Structure formats: structure tokens, C-alpha cells
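Participant: Sequence and predicted structure, then a few things I'm wondering about:
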Amino acid sequence: MMSSSALPRFIALACGGLALSAASAAPIDPTPYDVLITGGTVYDGNGAEPFVGDVAIRGDRIAYVGPQAPQGARERVDAHGKAVAPGFTNMLAHPEESLLVDGRALSDLRQGVTLEVMGEDSMGPMTAPMKQLALERQGDLRYAIDWTTLGEYLQRLEQRGIAPNVASFVGAGTVRINVLGERNVQPTAAQLTRMRTLVHQAMEQGALGVTTALIYSPNEYARTPELIALATESARCGGIYSAHMRSEGDRLLEAVQETVDIARASGAPAEIYHLKVAGRRNWDKMDALIAAIEKARASGVRITADMYVYTAGATGLDAAMPPWVLDGGLEAWIERLRDPGQRSQVIADMREPKPTWENLYGAAGAAGTLLLAFKNPQLKPLTGKTLAEVAHMRGVSPEDAAVDLVIEDGSRVGVAYFLMSEDNVRREVALPWVSFDSDEAAPAPEGVFLKANSHPRAYGNFARVLARYVREEKVLTLPQAIHKLAALPAATLALADRGQLKAGYFADVVVFDPATIQDHATYERPHQLATGVEEVWVNGVRALRHSEATGAASGRAVRGRAWTGAGGGGCRASTKEWTWTR
């Protein structure tokens, strides 16, 4: 007979060395599970080696993770031969508008994304003039703006009914517009205090931190001390600083240093959005970029990053024109472009070989600038053409074509810029402190979304990580990739009870086939859903069944640590009163 002291070792050996979860050692709740996912290869999200076993869901929580569930369930799902993983997090998502039109977030749901994290700017706090301008500037997606604060916007999404969970930062640029408008001005002491108050309020409404995008007007008008002030206010509320840096090309290393300085001064971590080295002349800066970030991390400043796995970015033609012409917002920008003298100066600045501003057109070239989205129906036939092609068609220079398109469309015009090296993308994928983002909306290949092209990353980024960089090129192992898609983002954002398959955690669960998961979206045909993800639960509710969206309103707003709607919420007197993970 085996002694009692030898029994634990025998169990561990019999289970292939698996350490049983806390759930399997806890007293058993006799209530049947709601869902039992059986026989799948379980990846816990922490990067540990997988095991074949069961995952059980009761209510909105995971009830069991282990080799064999001890009781039955109302619904059993056979996952033999499939991977069972925690739901994936999109670390920089832009479904702010698309979710108001289609709550399924189908492009991301079909890739296993269960949490959309919105950043760069935010949907509140808004003033009445901000609301009016936003309504006037709407393009294909039309919706009422019946909220004012960020907290009200998050409630609006929950009330509408959405499939994924959502979280949001408060935009430094948003609070800047709220107080200063869209002009190139610097805040007075009183105005900066008002901006800090707005950040404080948004944090207590559930924001995860403060965010900005420093190549765009009016965000780019903010100087470092202003950003430190807002990041410090966010840090007092348990939030981090996340940024599209001031440069990803010619002044990349200076921009990294500014980000480090802001993090160090605020006392909170920082996240670099869509890490990249943009422009062929800068591609050899990758070693220096990695060294700068890892030096900061070694010194005690926690810097992490996220990325999309494509060699083109996507934004607007505002990133092709100098900051001075953008002063005052879209309408002022277009009015200046109509003036012959100012138009000539803009074109001269666009052609400057060593600009002092972040000129994505200059880095990509006319042939590397792909037109994606127009507001004016008469321009929509140009979708999918390059700026060089349109210039040739019209018999004008590419710079003249860009100026004309902005005027004719009455918008910034959506474009993709081909800027990055695939070798550098591959290196970034392997970095242990880098997670993943789409930097895109969450559309569906139907209806209003077909009126414009998206970047293929909207439909393919997360599937592409698993198909290309795990299965095909083996840049990552599957446990490593799932860690970077799940537990790493949750730790970066200080989210409780998410990002892992663990008893007591929220039941955000994905079942997919590692052998077949595949992205299909291309620049030419971007509206192509990924395949290979078969089942998705969000908060224990089935959002995807046999690869088809259920339409269930399974998603919730995931709020930050200072949210006053939860026990122990509220901002603190000092950043030091919060614990930050590394």
C-alpha cells in the first residue's frame, strides 16, 4: 500500500508533472458547472507548458482547471485536439465608433479577442462644442452622442449590448481640447489644474490611465511638463501612461527618452503603443531602441510596449502635413489648404528631406501611401489606389494630390503608410515585454463597413501572430504567444482576475485550432475574417459558437483601480500608495 506521504508525488507523476490548480484542491461545489470544456490542450496564459485537461465555467467565472473535472455540467464542449486559452487582449483598439454601430466586434471576436483596450484619445470628457464638431465630422458610421463623460460612454456601450469587454484610457489630447480647444497654445496654471481635474474624474469613472498620440494635432502641441502633470494625476489614481510617441522614425530615441522621463517623473509605468522603427533610413535603430528600453527597465522604470505585425501603419493625411497647418482643427486646416500661399508652403514642407516633424508621407513615399477611406462618395472609387497612382491619374504632383484630396473629402482621409522592415517586426515579436494590438476598429465584412477599406490588421493581427510567427516561423512558442496575448496585458494594465485560466478568474475563454488558425485579410481585400477560432466565452457567456457570433451581449466595461463604483476605489494622495507589477 502506498504511504500517504508518497501520494502527492504519485498524483503529480500520473498527471505528467502537472501542478493541480487551486480549484481542484478546494472543497467541491455540488452545483453542476454551466459549461465544461473537455479534453483540450490547456494553456493557462502564464507561459507554462500546456496539459490535456478540462476547463469548467460556472456563472461568469472559471470554476475548475485541471486534468479531469470532478462533476458534470449543463453543457459539455469537446475540445480534443484544440487549444483552450484565456481570451486575448487588444492592447490598442479603436472600436470606439464601430461598437456603437455593431456590438459584435466581429473582426476581433473571430480572432479570440475578448477585451478591447481603447487609447490615444478618448470618447470623453466632452463639451457641447466638442460633441457638435464630432457629429459634423462623422463619416460612414453615424451615431448619436448622448454622453458627456468617459464613464457615461462606457455605460452607453454596456447598455447598447456588446460582445467583447471594453476598457479605456482617458486621452490627454481629449482633456486638452476640453480646456484649450484645438489650438497650438500652452495652458496657464489654472488651465492645467482643470486638465488634471478632468483626468482625476475620468480615472474615478474607470479609466486605466492617461494616453496620448504625440504626432497628431492638438496632442503634439503638449510639452513634456504638461504630460508629466497629467501622467502624475493618473498615477495617483493607479493608472499608467500610454503613448503613441512623438516620433517612431527620425527622432525615435529622443521620443523613447521622453517616455521614460514621463514614467519616471510620474512614478507609474509607461506603455509604448505600436512599437516600430519607421522609415528605411531608420531601420538600423532597432538595436538602440531595444537597448534604450531595456536600460530603463533595468533602472527601475517599467516600460512595456505593444505592436501590430505588419510593415504598414494606417492613419490619415494629417500625418503627411506639417503641424502648423493643422492648428485649430480640421476646418482650419482645410481653410489654410485653400489659400494658395499657405498651400505652397505645405507642399514645400512635405518635400523637405529632413523635416523637424514626423512626416509619414516623406518616410513612405507616394507609392507607399495607400488610400483606404473617404467620406465623400465621389472619391470612394479611389479606395485601394496609391497616392502615386491618383497623382498620375490627375496629372499633378503627389503632394498636390494629397492636398486636393483633403479639401475634396472634408476629412483627414484614411491611408496606410508602408514604413517598416519585416526583419524588425520579427525581432519585436520575440521581445518578452511586448504584447499585441490592432490599432484598428472592430468591423464586420458587411453593411456600412464595406464603404471603406480598413488596414488588414483589423481582421488579422492576432491570428497572424499565431499562424505566421508561432506555427510557420517559430519566432515564439505557443505558450509564449498566449502569455503575450493574455496574462502580460492583464499584468501591464493591473487588471484583477483576467488574463489567465485560473479558478476564480473571469471566464474569458477561447478554443482554437493551432494547426489551422489563419489570417486572410490583405491590403487589396481587407474585409476577410480570420479562421480557426471556434468557441469564445466572454464573462461565461458564449459569444462565438462553432465560429459564428451568437449576438449575445456578453461584454462589460472593465474599469481601472480608482473606479469609485468598486470597493476600495478612488484616487490616492500619492503614487506610492499603489503597487505596480513589473
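Facilitator: All right, it came through fine. Residues are numbered from 1 along each chain as shown.

Participant: Please enumerate the helices of the stretch 151-300 of the chain.
Facilitator: Assigned by DSSP state H, counting those that start in this stretch, the helices in the stretch 151-300 of the chain fall at 172-180, 189-204, 224-236, 252-266, 286-298.

Participant: Please tabulate those in a markdown table, including the columns mean neighbour count and distance to Lys474.
Facilitator: To be clear about C-beta, it is placed using only N, CA and C from the backbone, and glycine gets the same treatment. As requested, those are exported to a markdown table (neighbours: other Cβ atoms under 10 Å; distance: least, Cβ to Cβ, whole Å):
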| stretch | mean neighbour count | distance to Lys474 |
| --- | --- | --- |
| helix 172-180 | 23 | 39 |
| helix 189-204 | 19 | 41 |
| helix 224-236 | 23 | 38 |
| helix 252-266 | 20 | 28 |
| helix 286-298 | 16 | 20 |
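
Participant: Quick one: low-confidence residue ranges for this protein.
Facilitator: For the chain, the stretches with pLDDT under 70 are 1-29, 582.

Participant: and the gap between the residue most central in space within it and Val52?
Facilitator: The residue lying closest to the centre of the chain (Cα atoms, centre = their mean) is Leu92, at 1.2 Å. Going from Leu92 to Val52 by Cβ to Cβ, to the nearest Å gives 34 Å.

Participant: Equivalent analysis for Leu214, please.
Facilitator: With distances taken as Cβ to Cβ, Leu214 is found 47 Å from Val52.

Participant: between the two, which one's more packed in?
Facilitator: Leu214 (22 against 18; other Cβ atoms under 10 Å).

Participant: Compute the number of surrounding residues for the residue nearest to that one when sequence neighbours are not counted.
Facilitator: Leaving out its chain neighbours, the residue that sits closest to Leu214 by Cβ to Cβ, 6 or more residues apart in numbering is Arg246, at 4.1 Å. By other Cβ under 10 Å, the residues close to Arg246 number 23.

Participant: residues in contact with Arg246?
Facilitator: Contacts for Arg246 (Cβ atoms under 8 Å, 6 or more residues apart in numbering) come out as 214-215, 220, 254-255, 258, 358.

Participant: hang on, the earlier thing: pretty sure the residue nearest to the centre of the chain sits in a helix.
Facilitator: No - according to DSSP: H, G, I helix; E, B strand; the rest coil, the state of Leu92 is strand, so it is not within a helix.

Participant: which residues sit in contact with it?
Facilitator: By Cβ under 8 Å, 6+ apart, Leu92 lies in contact with 117, 119-120, 242, 273-274, 306, 437-439.

Participant: now for the residues you listed, which pair is the farthest apart?
Facilitator: Using Cβ to Cβ, the two most remote members of the contacts of Leu92 are Ser242 and Ser438, lying 15.1 Å apart.

Participant: mind putting the contacts of Arg246 in JSON lines, distance to His546 included?
Facilitator: Below are the contacts of Arg246 laid out as JSON lines (distance: Cβ to Cβ, whole Å):
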{"residue": "Leu214", "distance to His546": "44"}
{"residue": "Ile215", "distance to His546": "42"}
{"residue": "Glu220", "distance to His546": "47"}
{"residue": "Glu254", "distance to His546": "50"}
{"residue": "Ala255", "distance to His546": "45"}
{"residue": "Glu258", "distance to His546": "48"}
{"residue": "Glu358", "distance to His546": "45"}
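
Participant: Would you mark the buried spots in stretch 317-327?
Facilitator: Within stretch 317-327, the residues scored as buried using 16 or more other Cβ atoms under 10 Å are 317-323, 325-327.

Participant: hang on, the earlier thing: now, among the contacts of Leu92, which is nearest to Lys484?
Facilitator: Asp306 (9.2 Å).

Participant: On the three-state scheme, the closest one is what?
Facilitator: Three-state assignment for Asp306 (three-state DSSP): strand.

Participant: so it sits right up against His274, yeah?
Facilitator: Yes - counting by Cβ atoms under 8 Å, His274 is a contact partner of Asp306 at 6.6 Å.

Participant: what's the overlap in contacts for these two?
Facilitator: Joint contacts of Asp306 and His274 (Cβ under 8 Å, 6+ apart) are 92, 437.

Participant: Those two: which is more packed in?
Facilitator: With neighbours defined as other Cβ under 10 Å, Asp306 and His274 compare such that Asp306 has more, 28 against 24.

Participant: need the longest strand for the chain.
Facilitator: Counting residues, the longest strand in the chain under DSSP state E turns out to be strand 33-42.

Participant: List the strands paired with the next helix or strand after that strand, with their directions.
Facilitator: Later in the chain than strand 33-42, the nearest helix or strand by DSSP states H and E is strand 51-58. Strand 51-58 sits in its sheet next to strand 33-42 (antiparallel), strand 61-66 (antiparallel), going by DSSP bridges.

Participant: Nearest to Leu370, out of those?
Facilitator: strand 33-42 (39.0 Å).
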